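K.L.:
with the sequence up front, the predicted model follows.
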Amino acid sequence: MRSRKLSPAAHWTSPSDSAKRTPTDGPLEGGWLTILLMWSKVGAGSVICASYGETDLSTQAEHSTTNRRDFLFVATGAVGAVGAAAVVWPLINQLNPDASTLALASIQYDVSPIAEGQSVTIMWRGLPVFVRHRTPKEIEEAKAVPLSELKDPETDEQRTKPGHEEWLIMIANCTHLGCIPVGQSGDFDGWFCPCHGSHYDSAGRIRRGPAPKNLVVPPYEFLSDTLVQIG
Ligand code: FES
């Protein structure tokens, strides 16, 4: 830090002296008004400080400079944080599913047009889903199978809803490599996957072939006797 005296000027010894002066009194007597410009380089900027007369205000000026620098640091950080949030938020927000995707997260389907012994395939979240209206014979066969005979043991009750055992709802992808099995075919009165020869029974359970698991039952519930919500 260096200081430079610019010019001699008036000096007063007490506040009462200066209070008595008028604009026509001319220069102050009894001392010098010294204006010092202290050009101190702090960080990236420079600060001009002034010192009047006998009073050395340099310490006060440095303190003021430090406070200003702290303020600039804090303000710069705050502005930077706000700017970063403004940039990042749209990127995060676009990861959320849009309205059309949310609308397809669950679907409602009226099963009343499906006659006993018939099936339909509907789409849910981009996946084909079998909705099968089983016959009493198919239900009886499914309930009669001992769990010990099953590769992926599940009871018929675990794969249907109480009071709606005639309805079998499953994702229509073979659990081997994802082919769509053919309904009401195969050796177990259920589904047959022609890709590699997997047989599923009338409850959609794997009974023979390379598929490791039963056909997947999606989350669903009956909102009424005929309206089902999947997802
Ligand atoms: S995909 Fe169905 S048996 Fe391989």
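P.N.:
In hand now; what should we look at?

K.L.:
this protein against the ligand: which residues are in contact?
P.N.:
Within the chain, the positions adjacent to the ligand are 174, 176-179, 193, 195-196, 198, 209-211 by C-beta under 6 Å from any ligand atom. The C-beta positions use only the backbone N, C-alpha and C, and glycine is treated the same way.

K.L.:
restricted to strands, list those residues.
P.N.:
Among the residues of the chain next to the ligand, the members falling in strands (DSSP state E) are 193, 198.

K.L.:
domains in the protein, by residue range?
P.N.:
1-55, 62-96, 102-230 (automatic domain parsing).

K.L.:
what is the neighbour count of the residue lying closest to Glu116 once chain neighbours are set aside?
P.N.:
Distances taken as C-beta to C-beta, 6 or more residues apart in numbering place His133 nearest to Glu116, at 5.2 Å, with adjacent residues excluded. For His133, the tally of surrounding residues (other C-beta atoms under 10 Å) stands at 18.

K.L.:
how much space separates His133 from the ligand?
P.N.:
Remark: distance between His133 and the ligand (C-beta to the nearest ligand atom, to the nearest Å) = 24 Å.

K.L.:
now do Arg132
P.N.:
18 Å.

K.L.:
backbone phi and psi for that residue, please?
P.N.:
Dihedral pair for Arg132: phi -110, psi 130, per degrees, to the nearest 10.

K.L.:
that one reaches Thr121, doesn't it?
P.N.:
No. Taking contacts as C-beta atoms under 8 Å, Arg132 lies outside contact range of Thr121: 9.9 Å.

K.L.:
among these two, which residue is more densely surrounded?
P.N.:
Taking neighbours as other C-beta under 10 Å, Arg132 and Thr121 compare with Arg132 leading, 25 against 12.

K.L.:
tell me the bridge partners for that one.
P.N.:
Beta bridges link Arg132 to Ser119, Leu168, judged by DSSP bridges.

K.L.:
go on, Tyr220?
P.N.:
Ile230.

K.L.:
please name the residues that touch it.
P.N.:
161, 169, 228-231 (C-beta atoms under 8 Å, 6 or more residues apart in numbering).

K.L.:
if you rank those by neighbours, which is first?
P.N.:
Ile169 (24 neighbours).

K.L.:
so that one sits right up against Pro218, yeah?
P.N.:
Yes. Using C-beta under 8 Å, Ile169 makes contact with Pro218 at a distance of 6.8 Å.

K.L.:
any common contacting residues for those two?
P.N.:
With C-beta under 8 Å, 6+ apart, Ile169 and Pro218 have common neighbours 129, 230.
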